[in-house]
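Colleague: no FASTA, just this:
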């Protein structure tokens, strides 16, 4: 430190703070939000903290200063614990006669209230889905819009609520749905649904989960005007609800003996308690076959991934794609799976 200039001492002081915050955040997936609700808010910024530490590492590397060790050490711990924030996998899909294409998409009521500028956004969503031709489609914030025609799927299960505007979750399939149902979350319109789908001689359980929304406005001016303490308390309360909803889901999941695919909008990141509890020993298909940041939500400040498709280890993950079509506040994702493993 003695050999550093005054400016570099200040930069390193900031570096220490950011590195410590990132190191602390690595423990958040193991801390229940019901006990540590305010602290759990930090997991929303882990991606940003990683990117800032990368910049600090590069800065000290260019300066040829040993201060680079701090961020490098913390980043290594994160890589060992959680893998890379950015994936360098090939985007090429492995073809197999047993492939099943599974898409997840929060469609935000098919733009019912014109959040996205432009005409006939709902038709563009349907055309996009039809072009990509998933075998199984999991939708959050589904609304039976009068212009929506998803009849190219042979089977569906939907669970809707609301008085004036009906909305909820839906699962569409090209394979027969032999059983279905809903896991009700109290005091909210969010829930989880499931469909048992018959593929050949195999029955596959598909879950569609929509955990409580954070309701964070991505408009910079709106965020500036919102009281920070009130914002943190609201997010902390939401994380508590997410934990309770996850516990209800896990009780239901525990009774299932089928091979499983879990889709959904978790409204939380890979560094969260709910992600760890729901994923358990399943494969995160993005980590297995995705590339890039895998962004799934339209957050202006940095890429964020809050929508997921998990698959039983009995499945081979033969491909993954995160799309850039901006027809909702979420971006669609699709994975290609096959039941080659016995």
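Modeller: Perfect, thanks for sending it. Given the structure is predicted, the values throughout are model-derived calculations rather than measurements.
Colleague: what's the burial count for the closest residue in space to residue 121 that isn't next to it in sequence?
Modeller: Spatial nearest neighbour of residue 121, excluding adjacent residues (C-beta to C-beta, 6 or more residues apart in numbering): residue 111 at 3.9 Å. All C-beta atoms are positioned from the backbone trio N, CA, C, and that covers glycine. Residue 111 has 21 neighbouring residues, counting by other C-beta atoms under 10 Å.
Colleague: again with residue 9
Modeller: Using other C-beta under 10 Å, residue 9 has 12 other residues around it.
Colleague: ok so it is a helix residue?
Modeller: Yes. Per DSSP: H, G, I helix; E, B strand; the rest coil, residue 9 lies within a helix segment.
Colleague: For this structure, which segments count as helices?
Modeller: 6-25, 37-40, 46-63, 68-82, 108-111, 121-132, 220-225, 228-253, 273-279, 285-289 (DSSP state H).
Colleague: Could you list every helix and strand in contact with the third one?
Modeller: In terms of contacts (3 or more C-beta pairs under 8 Å, 6 or more residues apart in numbering; DSSP states H and E), helix 46-63 is packed against helix 6-25, helix 68-82.
Colleague: what's the closest of the ones you listed to residue 38?
Modeller: Closest to residue 38 of the helices and strands packed on helix 46-63 is helix 6-25 (C-beta to C-beta; 13.0 Å).
Colleague: what is the mean pLDDT for that closest one?
Modeller: What helix 6-25 shows for mean pLDDT is 95.
Colleague: about what we covered before: select, out of the helices of the chain, the one closest to residue 210.
Modeller: Nearest to residue 210 among those is helix 228-253 (9.0 Å), distances taken as C-beta to C-beta.
Colleague: for residue 198, what are its contacts?
Modeller: By C-beta atoms under 8 Å, 6 or more residues apart in numbering, the contact set of residue 198 is 175-178, 204.
Colleague: Give the closest residue to it in space, chain neighbours not counted.
Modeller: The nearest residue in space to residue 198 (C-beta to C-beta, 6+ apart) is residue 176, at 4.6 Å.
Colleague: returning to what we had before: tabulate the helices and strands packed on helix 46-63 (CSV), appending distance to residue 93.
Modeller: What follows is the helices and strands packed on helix 46-63, written out as CSV (distance: least, C-beta to C-beta, whole Å):
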stretch, distance to residue 93
helix 6-25, 34
helix 68-82, 25
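Colleague: domain assignment for this protein?
Modeller: For the chain, automatic domain parsing gives the domain ranges 6-85, 88-338.
Colleague: Kindly compare burial across those and name the winner.
Modeller: Ranked by average neighbour count under the criterion mean count of other C-beta atoms under 10 Å, the domains of the chain are headed by domain 88-338 at a mean of 18.
Colleague: Between the two ends of that domain, how far is it?
Modeller: Using C-alpha to C-alpha, to the nearest Å, one end of domain 88-338 lies 22 Å from the other.
Colleague: so how far is that domain off the chain centroid?
Modeller: Taking C-alpha atoms, centre = their mean, to the nearest Å, one finds domain 88-338 lying 8 Å from the centre of the chain it belongs to.
Colleague: ok so, going back, list the contacts for the residue nearest to residue 198?
Modeller: By C-beta under 8 Å, 6+ apart, the neighbours of residue 176 are 154-155, 197-198.
Colleague: Can you tell me which helix or strand of this protein has the lowest average pLDDT?
Modeller: Scoring the helices and strands of the chain by mean pLDDT, DSSP states H and E places helix 220-225 at the bottom, with a mean of 53.
Colleague: Sketch out the low-pLDDT regions of the stretch 101-250 of the chain for me.
Modeller: Residues of the stretch 101-250 of the chain that meet the criterion pLDDT under 70 lie in 216-227.
Colleague: So residue 108 is in contact with residue 121, correct?
Modeller: No. Residue 108 lies out of contact with residue 121 (C-beta atoms under 8 Å); the separation is 9.4 Å.
Colleague: Tell me which residues touch residue 212, please.
Modeller: 185, 188, 190, 238, 241-242, 245, 267.
Colleague: Distance-wise, check the closest residue to it other than its chain neighbours relative to residue 128.
Modeller: Once flanking residues are discounted, residue 212 sits nearest to residue 241: 4.3 Å by C-beta to C-beta, 6+ apart. Per C-beta to C-beta, to the nearest Å, residue 241 is found 31 Å from residue 128.
Colleague: do the same with residue 232
Modeller: Distance, residue 232 to residue 128, by C-beta to C-beta: 36 Å.
Colleague: Would you check how far apart the residue nearest to residue 198 and residue 151 are?
Modeller: Per C-beta to C-beta, residue 176 is found 16 Å from residue 151.
Colleague: What of residue 161?
Modeller: Residue 161 is 23 Å from residue 151, where distance means C-beta to C-beta.
Colleague: Please apply the same query to residue 248.
Modeller: 32 Å.
Colleague: try residue 10
Modeller: Distance, residue 10 to residue 151, by C-beta to C-beta: 62 Å.
Colleague: do residue 238 as well
Modeller: For residue 238, the distance to residue 151 - C-beta to C-beta - is 36 Å.
Colleague: I'd say residue 96 and residue 339 touch.
Modeller: No. Judged on C-beta under 8 Å, residue 96 makes no contact with residue 339 at a distance of 9.4 Å.
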